[in-house]
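>>> everything below, folded, please.
(chains A and B)
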Amino acid sequence: MTALLETSGLQKSFGAVVAANDISVAARRGERLGLIGNNGAGKTTFVNLVTGYLKPDAGRVVLDGLDIAGLAPRRVRRHGVSRSFQIPQLFASLTPEENLLIALGIASDDGLSSWQPARSAAMTAGLEDLLARFRLREYRDHSIAALPGGVRKLVDVAMAVTHRPKLLLLDEPTSGVAAEEKFALMDVIMRALEGSDATVLFVEHDMEIVGRYAGRVLAFYEGRIIADGTPDAVLGNADVQRYVTGMTP
Amino acid sequence: MAGRLGILAAALAAFAALALLGRVLPNWFVLVATLAFAKGLVALGLVVLMRGGLVSFGQGIFFCAGAYAAGLAMRSLGVDDAVLLLILGGVAALILGLIIAPLLAGYRGIFFATLTLALSMIAYGILDKTYSLGGSDGINLHEPSFLGYHPPTPQAVSYALYALTSLVTVIAAALCRIHFDSLRGLLSLAARDNEIRVEYLGASVRRVSGVNFAIAALLGGVGGALSALSLGHIDPDFTFWTTSGEFVFLAILSGYASVTAVFVSSVIVELVRSFSSQYFPNTWQGALGIFLLLVILFLPQGLGSLVQRRRRSQGESEGELKPAPAPVPAETSQ
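Now for the predicted structure:
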């Protein structure tokens, strides 16, 4: 099967700090990849390079045969790449429903007319589907500030999938969520993505989450990928145990 | 569609009521209301901008552009039809806005506000020293006609201008309400909250701001043309910083929850100004300042938030209050 995403020789430095060092990855359509590594290992930099927030110093980001490296996030999104954020990036003065309506409106071709009401029939259908898939119905009218952290994460991810991305990058979807709630949260997200052939890359620190939801794992250390393979193989790798998980081999 | 038609129907009803009111109210009030509505249009444009997270301290430049376009068309081209003049005023300000917009596109916050102020003061300096445009004395305008109708008395002119201003006001208010309730209107609020997320969702914050800026310029120009016709005189003070400050005052006073609040605020301020300048001419600015202070302290979202509060309390009384959110989505796995 051909790769949906291929990065080759990705390089990014901030002064003397090398945040991405020759990162070459290929991800197939529909794959679920877990990105692990300590803080500062380069996981989020990789996400930022792929989604256009950062421009690489060198290297290519090829999506479906098209080099998208250096394109602005808005243009990268048009090519089918979407992301969620470690700290949910929501519209704080609006309700979850309005956040999702905006995402749906931008994703649709004619949703942003000044004449079309925000709650048109077409938008409402898409909205109800999203609210149901992400179990957000009971929170639809609440203020963002009043939402629990896990629900904010769900709204953030739901906004990212409104245009049916080919590639979805989730930056620490369970960070800041209580340990006993992490699996429930990931279950909701993964079930919401069922039926989609999107390639999903998620950054995660909880190895149980990685082991359960990733089909393949990339381990980052000092801007490089030090292991790439199945969860069992990567989590059993001596370098990963020494530099990432902190377990003695 | 029903919502939009409802808004347009309400606007027409409001126009009918205002037109009738103009028949029974004293002429001085008609004059005050005309000026208040005209300035309210400029403030409404500012509210459009503020919903997108931008505040212009130089909106007077569009007010002035509309006024001078109307004045010069009357003086130099012999155009005396009020409808044509206000269209010319709006178009001139819109064109100016489209020229200025690329210069301001990359700026936000205080930088945007200060740049708009700087541009308006440059315009003031130019107009003040351009004697072919009347210099600091400005230009006088004569009474306009209305689609071929020449009102026979000054009172009839006042009423006709009031009716035209009221019509433009209700149309602008209705269209802005429809815009605010649309997804593009919601997108303005989103851009104000989180520009990065808007870009990540695939929309251009620059485009959102550009559209809002153009709407604000157009409304500023129309308001300027109507004010010029109402006052019968234009001078460079139309773009002086205190004039722009007055529009910011109105926008803060009204808030952005209700378009009607913009015009109510404008009428209140014009009335306070009229009475205060008559009875205590040296301290009326102080009275306005105290009024604004009280609004900021007790109604930080402006007068329009009273409407929101009322709607919210009605919703609560109808049992729409949602229960406190549960800590986790109702889904288990293990």
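>>> where does the chain have low pLDDT?
Since no chain was named, I'll use chain A. For chain A, the stretches flagged by pLDDT under 70 are A:1, A:109-112, A:247-249.
>>> meant chain B actually
Short version for chain B, where the test is pLDDT under 70: B:1-2, B:311-334.
>>> residue of it nearest chain A, please.
Closest approach of chain B to chain A (Cβ to the nearest Cβ) occurs at B:Leu183, with a separation of 3.6 Å. C-beta coordinates here come from the backbone N, C-alpha and C atoms, glycine included.
>>> look up the closest residue to that residue, ignoring the ones flanking it.
A:Gly105 (3.6 Å; Cβ to Cβ, 6 or more residues apart in numbering or on different chains).
>>> wait, doesn't the one you found sit right on B:Leu187?
Yes: the criterion here is Cβ atoms under 8 Å, and A:Gly105 meets it with B:Leu187 at 7.0 Å.
>>> would stretch B:201-213 count as contacting chain A?
Yes: part of stretch B:201-213 sits near chain A under the criterion Cβ under 8 Å from any Cβ of the partner chain, namely B:Leu201, B:Gly202, B:Ala203, B:Ser204.
>>> for PyMOL, what selects the buried ones among those residues?
Under the burial definition 16 or more other Cβ atoms under 10 Å in any protein chain shown, those of the residues of stretch B:201-213 next to chain A that qualify are selected in PyMOL by:
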select buried, chain B and resi 201+202+203
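>>> mind picking the two most distant members of the residues of stretch B:201-213 next to chain A?
B:Leu201 and B:Ser204 (10.5 Å; Cβ to Cβ).
>>> so which residues of chain A form strands?
A:3-14, A:17-28, A:32-37, A:58-63, A:66-67, A:81-84, A:167-171, A:199-203, A:216-221, A:224-229 (DSSP state E).
>>> quick one: contacts for A:Ile226?
Residues in contact with A:Ile226 (Cβ atoms under 8 Å, 6 or more residues apart in numbering or on different chains) are A:Ala219, A:Phe220, A:Asn237, A:Asp239, A:Val240, A:Tyr243, A:Val244.
>>> rerun at 6 Å
By Cβ atoms under 6 Å, 6 or more residues apart in numbering or on different chains, A:Ile226 lies in contact with A:Ala219, A:Asp239.
>>> who are the packing partners of whichever helix or strand B:Gln278 is part of?
According to DSSP states H and E, B:Gln278 maps onto helix B:259-279. Judged by 3 or more Cβ pairs under 6 Å, 6 or more residues apart in numbering or on different chains; DSSP states H and E, helix B:259-279 is in contact with helix B:27-51, helix B:154-181, helix B:241-254, helix B:284-298.
>>> who in the stretch 151-300 of chain B is up against chain A?
Proximity of the stretch 151-300 of chain B to chain A (Cβ under 6 Å from any Cβ of the partner chain) is limited to residues B:179, B:181-184, B:186-187, B:190, B:193-194, B:197, B:199-203.
>>> who wins on neighbours among those?
Neighbour counts for these (other Cβ atoms under 10 Å in any protein chain shown) peak at B:Ala190, which has 31 neighbours.
>>> show me where chain A has helices.
Using DSSP state H, the helices found in chain A span residues A:43-51, A:73-78, A:96-107, A:121-133, A:149-160, A:179-192, A:207-213, A:231-235, A:238-240.
>>> from the contact counts, what lies against the longest one?
Contact here means 3+ Cβ pairs under 6 Å, 6+ apart; on that basis helix A:179-192 packs against helix A:149-160, helix A:207-213.
>>> buried residues of that helix, list them for me.
If you call a residue buried by 16+ other Cβ under 10 Å, then helix A:179-192 has these buried ones: A:Glu181, A:Lys182, A:Phe183, A:Ala184, A:Leu185, A:Met186, A:Asp187, A:Val188, A:Ile189, A:Met190, A:Ala192.
>>> ditto for stretch A:26-34
Of all the residues in stretch A:26-34, those buried under the rule 16+ other Cβ under 10 Å are A:Ala27, A:Glu31, A:Arg32, A:Leu33, A:Gly34.
>>> dump the residues you listed to JSON lines, plus distance to chain B.
Converted to JSON lines, the buried residues of stretch A:26-34 look like this (distance: Cβ to the nearest Cβ, whole Å):
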{"residue": "A:Ala27", "distance to chain B": "20"}
{"residue": "A:Glu31", "distance to chain B": "21"}
{"residue": "A:Arg32", "distance to chain B": "16"}
{"residue": "A:Leu33", "distance to chain B": "20"}
{"residue": "A:Gly34", "distance to chain B": "17"}
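>>> from chain A, which residue is nearest to chain B?
Distances between chain A and chain B by Cβ to the nearest Cβ are smallest at A:Gly105, namely 3.6 Å.
>>> doesn't B:Ser182 make contact with that residue?
No: at 8.7 Å, A:Gly105 does not count as touching B:Ser182 under the criterion of Cβ atoms under 6 Å.
>>> next up, the contacts around A:Leu104.
Contacts of A:Leu104 (Cβ under 6 Å, 6+ apart): A:Met123, A:Gly126, A:Thr162.
>>> contacts only, for residue 234.
This is for chain A. Shown in contact with A:Val234 (Cβ under 6 Å, 6+ apart): A:Val217, A:Ala219, A:Ala227, A:Val240.
>>> can you look at chain B instead?
Contact analysis of B:Ile234 by Cβ under 6 Å, 6+ apart lists B:Ala67, B:Tyr68, B:Gly71, B:Gly138, B:Ile139, B:Ala228.
>>> make it 7 Å
Contacts for B:Ile234 were tallied using Cβ atoms under 7 Å, 6 or more residues apart in numbering or on different chains; they are B:Ala67, B:Tyr68, B:Gly71, B:Gly138, B:Ile139, B:Leu141, B:Ala228.
>>> ramachandran coordinates for it?
phi -130, psi 140 (degrees, to the nearest 10).
>>> kindly report the same for the one 4 residues further on.
The main-chain torsion angles of B:Phe238 are listed as degrees, to the nearest 10 and equal phi -60, psi -30.
>>> neighbours of it, just the number please.
When neighbours are counted by other Cβ under 10 Å, B:Phe238 registers 28.
>>> skip the chain neighbours and tell me the closest residue to it.
B:Cys64 (3.8 Å).
>>> quickly find the element holding that neighbour.
Per DSSP H and E, B:Cys64 falls inside helix B:60-76.
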